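# Predicted model and sequence follow; I will ask about them next.
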Amino acid sequence: MLYAVRTTQYENMNKIDLHTHTTCSDGTLSPRELVRLAKSSGFKAIAITDHDTVEGNAEARETGTGEGLEVIEGVELSVEFSPGTMHILGYFVNSVSPELTKSLDFVQRARRERNPKIVEKLRKLGLDISYEEVLKEAGGGQVGRPHFAGVLVKKGYVRDKGEAFARYLAKGRAAYVDKGRFAPREAAEIIHNSGGLVVLAHPSQLHIPTKENLRKLIDELVGYGLDGIEVYSSCHTRKEARLYAELAEEYKLFVAAGSDFHGDNSPGIKLGNVGPGVKVDYELVSLMKEAMK
């Protein structure tokens, strides 16, 4: 495990983003397009962290080799947690690991079973959409809630995707259907057994109200093999980032930083936006690699 490090001012060629999504999950850029965007924007490294799939990693890695951009193969696993949402990031995973492949197949089956149920709930609410329309919106990639939101926008039921989630698709809303998830210990084991580093993604989405309760959770996750915390994220305030940095230092965890970039599915989040006033450089990647030795 690595100690927390301070963010540093960077030159353009040292920029990184360790949390990005492609059309293989719920982003709007293909792995190739995302890598080329990062390269043309002056990034030195990005991580591909699609939801519960590593399908885009090979294309991204190969494109990165050709473009001269370092691509870290990753994944973002959905984890059982309440009251908020927990995601676990895996970095430097072996994308062809048999255990990882088997585990992700389980989640993909659960997603396929969930999606028609969302359509059914929306139709019962008087919204005339079909699963075929959602599949078309996904463009052949993994179907996720942003694709349902896209259909609702196109058919005029909501103004934008934010309203679609707020009214229908977010956790606890009328058309929400839970999906298959891993237990926290299971997610950590899957990532470690595929050769990766285990990182808690955007902890603000856990919706844990107090520092002490968050510390208890971090303590539990460290017992499962947590390696790092995504301290810097587009969804974190300065105050939240300071808290997560303190906890990373306290538990001797390394710091990760990612925008949670989804392309046009999250138009307010630009590649490399890891929080207000925050700039991080390639030093974080170097420290992560040290942890792999």
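Okay, I see it.
# pLDDT on the helix ranked longest in the chain, on average?
Looking across the chain with DSSP state H, the single longest helix is helix 98-124. In this model, helix 98-124 has a mean pLDDT of 91.
# helices and strands around it, which ones?
strand 70-79, helix 131-138, helix 145-154, helix 184-193 (3 or more CB pairs under 8 Å, 6 or more residues apart in numbering; DSSP states H and E). Every residue, glycine included, has its C-beta placed from N, CA and C.
# Redo these as JSON lines? Include mean neighbour count.
Shown next, in JSON lines, are the helices and strands packed on helix 98-124 (neighbours: other CB atoms under 10 Å):
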{"stretch": "strand 70-79", "mean neighbour count": "24"}
{"stretch": "helix 131-138", "mean neighbour count": "16"}
{"stretch": "helix 145-154", "mean neighbour count": "22"}
{"stretch": "helix 184-193", "mean neighbour count": "21"}
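# wait, which of the ones you listed is closest to Thr237?
strand 70-79 (21.5 Å; CB to CB).
# Restricting to C-alpha, output that closest one in PDB.
Output of strand 70-79 as PDB, limited to C-alpha atoms (Å, rounded to 0.1, in the frame of the first residue of the first chain):
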ATOM      1  CA  GLU A  70      -0.300   4.800 -21.600                       C
ATOM      2  CA  VAL A  71      -3.600   2.900 -21.000                       C
ATOM      3  CA  ILE A  72      -4.200   1.300 -17.700                       C
ATOM      4  CA  GLU A  73      -6.500  -1.700 -17.900                       C
ATOM      5  CA  GLY A  74      -9.200  -1.400 -15.300                       C
ATOM      6  CA  VAL A  75     -12.700  -2.100 -14.300                       C
ATOM      7  CA  GLU A  76     -15.400  -0.600 -12.000                       C
ATOM      8  CA  LEU A  77     -17.300  -3.300 -10.000                       C
ATOM      9  CA  SER A  78     -20.800  -2.700  -8.600                       C
ATOM     10  CA  VAL A  79     -20.900  -3.600  -4.900                       C
END
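# Please name the residues that touch Arg111.
Shown in contact with Arg111 (CB atoms under 8 Å, 6 or more residues apart in numbering): Asp52, Gln142, Val143, Gly144, Lys179, Gly180.
# repeat that with 7 Å
Taking CB atoms under 7 Å, 6 or more residues apart in numbering as the criterion, Arg111 is in contact with Val143, Lys179.
# What distance do you get for it to Glu133?
Remark: distance between Arg111 and Glu133 (CB to CB, to the nearest Å) = 17 Å.
# Equivalent analysis for Gly277, please.
When CB to CB is applied, the distance between Gly277 and Glu133 equals 41 Å.
# And the residue nearest the centre of the protein?
For the chain, the residue nearest the mean C-alpha position is Glu76 (4.9 Å; CA atoms, centre = their mean).
# Could you find the closest non-adjacent residue to it?
Counting by CB to CB, 6 or more residues apart in numbering, Glu76 lies nearest to Thr49, which is 4.5 Å off, once chain neighbours are set aside.
# From what I see, the one you found and Ile88 are in contact.
No: between Thr49 and Ile88 there is no contact under CB atoms under 7 Å: 10.2 Å.
# These two: which is more packed in?
Ranked by neighbour count (other CB atoms under 10 Å), Thr49 and Ile88 place Thr49 first, with 33 against 25.
# rewinding a little: report the buried residues of the longest helix of the chain.
By 16 or more other CB atoms under 10 Å, the buried positions in helix 98-124 come out as 100, 103-104, 107-108, 110-111, 114-115, 118-119, 121-122.
# And the helices in the stretch 151-293 of the chain?
Taking DSSP state H, counting those that start in this stretch as the test, the helices found in the stretch 151-293 of the chain are 161-164, 184-193, 211-224, 238-250, 283-291.
# what about the longest one, average pLDDT?
Here the mean pLDDT over helix 211-224 is 97, rounded to a whole number.
# what comes up buried for it?
Leu214, Arg215, Leu217, Ile218, Leu221, Val222, Tyr224.
# repeat for the first one
Neighbour-count burial for helix 161-164 flags Lys161, Ala164 (criterion: 16+ other CB under 10 Å).
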